[in-house]
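Colleague: A predicted structure for the sequence below; I have some questions about it.
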Amino acid sequence: MRKLLARQHIETPSWAYANSGTRFKVFNQQGIPRDAYEKIADAAQVHRYTGVAPTVAIHIPWDTVDDYADLARFARDEGVAIGAVNPNTFQEDDYRLGSVCNPDPKIRRKAIDHLIECVHIGAETGSKQLSLWFADGTNYPGQDSIRDRQDRMADALAQTYQVMTDVAPEMTMLVEYKFFEPAFYTMDLPDWGTSLLHCLHLGERAKVLVDTGHHAPGTNIEMIVALLLREGRLGGFHFNSRFYADDDLIVGAADPFALFRIMLEIVQAGAVVPSAEGDPAADNSVAFMLDQGHNLEPKIPGEIRSVMNVQEATAKALSVDLDALGTARQAGDVLGANGIVMDAYNTDVRPLLEQVRTDMGLAPDPLAAYAASGYQQKIIEERVGGTAAGWGA
Ligand code: LRH
Ligand code: MN
Ligand code: MN
């Protein structure tokens, strides 16, 4: 179990290090990165103290640079690598009626070209994932044809998938869904079924991305996870917590039990780490990514806490006695089976994770080690006068 925990890989998002807020106010913190390089430097801190966050997702154009190969080199020097490349087709006036599903073919072309540009960025940076999320949808019945919009989505994904196959064959396309927001009547990719249908048409390297904040309240997310794993189509997660909508709070903060139940499905599928590491097409290769904003709390400690929360849920899930569980299930012992799962959930795995870190040559308490490092004071002093780049800025 300790070996698996040491090898688990949890990606942090560049935008978690940038200023963020709500639609009412973006709060500015001190020491915030001014460009993609500084965001990667901050992500490298999270990896330095947790040992399990070796990649950082980028969002384009938030993380636009002149030379992506140089950005990848910088990341390597910092001890991390570029993770998923996320195109952004939701922050321009042109996209008011949608991007790839827009009724205007010129705007669709522009959006698809941006997706293709991001495939090239992926190839230049050595990224393994193109991570797609679309804000496309409609607000009013009759506004546009639901079916035509699906056709446009299918066409955009197919064009992009073709380029990915040609120029970045080691990349996987992740197709994220969200049930509402920013559109309120229809979203063009509202749920895992719609994403999966598109992926099945595209090919093996198109998989579904489950953002834990993108479901109606009460949705059984582990059921979705189990079904996608069974099909070999769970591409990855965007982990975060929600109380009401797409709150993007620290993963495991609102409902650590739900996170544990999700990780139990991962453990039962043997997908904590890819079985064929290095083979992106391996069916159980699941990308564990965070997708969060830290509006009130400091960013780097917020990400460290998030990584630790995923580790704790994973360690608890790995503590389930699967043999005993199988026997209880077979015997129809409902209370016994539930008891085995609850015993694992109620185990304090923090000492075990401290041991894992010590074995990895790390400090047992990453938050304390980061606080003692002086990095936070250093960035507060050095990064003055810059405009914060990124999410909500
Ligand atoms: C949309 C979303 C998507 C974006 C990110 C910033 O709500 O989850 O993944 O890329 O937030
Ligand atoms: Mn997301
Ligand atoms: Mn979201």
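Modeller: Thanks, I have it. Ligands and ions are numbered 1, 2, ... in the order given.
Colleague: so how far is Gly235 from the closest residue in space to Ala206 that isn't next to it in sequence?
Modeller: Distances taken as Cβ to Cβ, 6 or more residues apart in numbering put Cys199 closest to Ala206, at 3.9 Å, once the chain neighbours are dropped. Where C-beta positions appear, they are placed from N, C-alpha and C, glycine not excepted. Between Cys199 and Gly235 the computed distance is 8 Å (Cβ to Cβ, to the nearest Å).
Colleague: kindly report the same for Thr22.
Modeller: 29 Å.
Colleague: so those two - more neighbours on which side?
Modeller: Gly235 (26 against 12; other Cβ atoms under 10 Å).
Colleague: for the more buried one, which non-adjacent residue is spatially closest?
Modeller: Gly235 sits nearest to Lys207 (Cβ to Cβ, 6+ apart), 2.8 Å away.
Colleague: confirm that neighbour sits in a helix?
Modeller: No. Using DSSP: H, G, I helix; E, B strand; the rest coil, the assignment for Lys207 is strand, not a helix.
Colleague: so what's it bridging to?
Modeller: Beta-bridge partners for Lys207, by DSSP bridges, are Leu174.
Colleague: can you give me the neighbour number for Gln159?
Modeller: Counted with other Cβ under 10 Å, Gln159 comes out at 17.
Colleague: tell me the contacts of it?
Modeller: 112, 115-116 (Cβ atoms under 8 Å, 6 or more residues apart in numbering).
Colleague: residue at max distance from the center of the chain?
Modeller: Distance from the C-alpha centroid of the chain, by Cα atoms, centre = their mean, peaks at Ala331 (38.1 Å).
Colleague: relative to Ala337, how far out is it?
Modeller: For Ala331 relative to Ala337 (Cβ to Cβ), the value is 9 Å.
Colleague: okay, helices next: where are they in the stretch 51-200 of the chain?
Modeller: 68-77, 105-125, 146-167, 192-202 (DSSP state H, counting those that start in this stretch).
Colleague: any chance of the ones you listed in TSV with distance to ligand 1 and mean pLDDT as columns?
Modeller: Below are the helices of the stretch 51-200 of the chain laid out as TSV (distance: least, Cβ to the nearest ligand atom, whole Å; pLDDT from 0 to 100):
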stretch	distance to ligand 1	mean pLDDT
helix 68-77	19	98
helix 105-125	12	98
helix 146-167	16	98
helix 192-202	12	98
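Colleague: okay, now the unreliable bits of this protein?
Modeller: Within the chain, the segments meeting pLDDT under 70 span 276-282, 386-393.
Colleague: up against ligand 2, what does it have?
Modeller: Within the chain, the positions lying close to ligand 2 (Cβ under 5 Å from the ion) are 211, 238, 291.
Colleague: cross-check those against ligand 1 and keep the overlap.
Modeller: 211, 238, 291 (Cβ under 6 Å from any ligand atom).
Colleague: next, count neighbours for the last one.
Modeller: Looking back up the chat, that one is Asp291. Going by other Cβ under 10 Å, the residues that sit close to Asp291 add up to 28.
Colleague: list the contacts of it.
Modeller: Counted by Cβ under 8 Å, 6+ apart, Asp291 has contacts 13, 211, 213, 238-240, 248.
Colleague: recalculate using a threshold of 10 Å.
Modeller: Neighbouring residues of Asp291 by Cβ atoms under 10 Å, 6 or more residues apart in numbering: 11-13, 15-16, 57, 59, 84, 86, 131, 133, 176, 209, 211-214, 237-240, 246, 248, 251.
Colleague: can I have the buried ones of those as a ChimeraX selection?
Modeller: In ChimeraX, a selection of the buried entries from these looks like this (16 or more other Cβ atoms under 10 Å):
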select :11,12,13,15,16,57,59,84,86,131,133,176,209,211,212,213,214,237,238,239,240,246,248,251
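Colleague: distance of the residue nearest to Gly232 when sequence neighbours are not counted relative to ligand 2?
Modeller: Once flanking residues are discounted, Gly232 sits nearest to Asp283: 3.6 Å by Cβ to Cβ, 6+ apart. Look at Asp283 and ligand 2: by Cβ to the ion, to the nearest Å, they are 23 Å apart.
Colleague: what of Val334?
Modeller: Distance, Val334 to ligand 2, using Cβ to the ion: 36 Å.
Colleague: tell me how many other residues crowd that residue.
Modeller: Neighbour count for Val334, taken as other Cβ under 10 Å: 10.
Colleague: Glu117 too?
Modeller: 15.
Colleague: got a list of what Glu273 touches?
Modeller: Glu isn't right for residue 273; it's Val. Taking Cβ under 10 Å, 6+ apart, one finds 3-9, 266, 284-286, 288 in contact with Val273.
Colleague: for ligand 2, state which of these is nearest.
Modeller: Of all the contacts of Val273, Phe288 has the smallest distance to ligand 2: 12.9 Å, by Cβ to the ion.
Colleague: so which helix or strand takes in the spatially closest residue to Lys178 that is not a sequence neighbour?
Modeller: Using Cβ to Cβ, 6+ apart and skipping the chain neighbours, the partner closest in space to Lys178 is His214 (4.1 Å). Secondary structure assignment for His214, by DSSP states H and E: no helix or strand.
Colleague: just the helices in the stretch 201-350 of the chain please.
Modeller: 221-231, 256-268, 299-318, 322-330, 334-345, 350-359.
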